[in-house]
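Asker: here's my sequence, what's the structure:
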Amino acid sequence: MREIITTPRFERRLVLFVKRHPALRESVRGLMHDIANGSGRIHALHGTMKGVHAARILQAYRIIFVFDPDVVTFIDIGSHDEVY
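Answerer: Residues are numbered from 1 along each chain as shown. Presented below is the predicted three-dimensional model:
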């Protein structure tokens, strides 16, 4: 399993996200764990976000992160329009 790192922006946005969507707290935690293990439905981004990956929490919400060989860095969370 990769080490999990979060950016200050991610931490602020996560607090706001969980306040708005408390029922998704465990889904987000599980998804972060799955991503760190290299599983889950992830996809690479293109264009200005080349090198960054995303995963869907629900249809409308995404979590954005960067993979390194031993580390996954979470950088943003929110609605599709907020994170892209």
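Asker: am I right that residue 27 is in contact with residue 57?
Answerer: Yes - taking contacts as C-beta atoms under 8 Å, residue 27 lies within contact range of residue 57: 6.0 Å. Placement of C-beta: from N, CA and C, glycine included.
Asker: ok, residues contacting the helix or strand where residue 10 lies?
Answerer: Using DSSP states H and E, residue 10 falls within helix 8-20. For helix 8-20, contacts defined as C-beta atoms under 8 Å, 6 or more residues apart in numbering pick out 6, 24, 25, 28, 61, 74, 75, 76, 77, 78.
Asker: so the closest residue to the fourth one other than its chain neighbours is in which element?
Answerer: Okay, so that is residue 28. Spatially, and ignoring its direct neighbours in sequence, residue 28 is nearest to residue 57 (6.2 Å; C-beta to C-beta, 6 or more residues apart in numbering). Secondary structure from DSSP H and E places residue 57 in strand 53-58.
Asker: the inter-axis angle of that strand versus helix 8-20?
Answerer: 10 degrees (axes from the mean of the first three to the mean of the last three C-alpha atoms, to 10 degrees).
Asker: so what touches the helix or strand following strand 53-58?
Answerer: The first helix or strand that comes after strand 53-58 along the chain, using DSSP H and E, is strand 61-67. Defining contact as C-beta under 8 Å, 6+ apart, one finds that strand 61-67 is touched by 2, 17, 21, 24, 28, 31-32, 35, 45, 49, 51-57, 72-80, 83-84.
Asker: give me the buried entries from those.
Answerer: Buried subset of these (neighbour count, 16 or more other C-beta atoms under 10 Å): 17, 24, 28, 31-32, 35, 52-55, 57, 72-78, 83.
Asker: now the lengthiest strand in the chain - C-alpha only, PDB.
Answerer: Secondary structure of the chain per DSSP state E: the longest strand is strand 71-79. Extracted in PDB, the C-alpha atoms of strand 71-79 (Å, rounded to 0.1, in the frame of the first residue of the first chain):
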ATOM      1  CA  VAL A  71       3.100   7.700  -2.300                       C
ATOM      2  CA  VAL A  72      -0.400   8.900  -3.300                       C
ATOM      3  CA  THR A  73      -1.000  12.600  -2.800                       C
ATOM      4  CA  PHE A  74      -4.600  13.800  -2.600                       C
ATOM      5  CA  ILE A  75      -4.900  17.300  -4.000                       C
ATOM      6  CA  ASP A  76      -8.600  18.100  -4.300                       C
ATOM      7  CA  ILE A  77     -12.200  16.900  -3.700                       C
ATOM      8  CA  GLY A  78     -15.500  18.200  -4.700                       C
ATOM      9  CA  SER A  79     -18.000  18.400  -7.500                       C
END
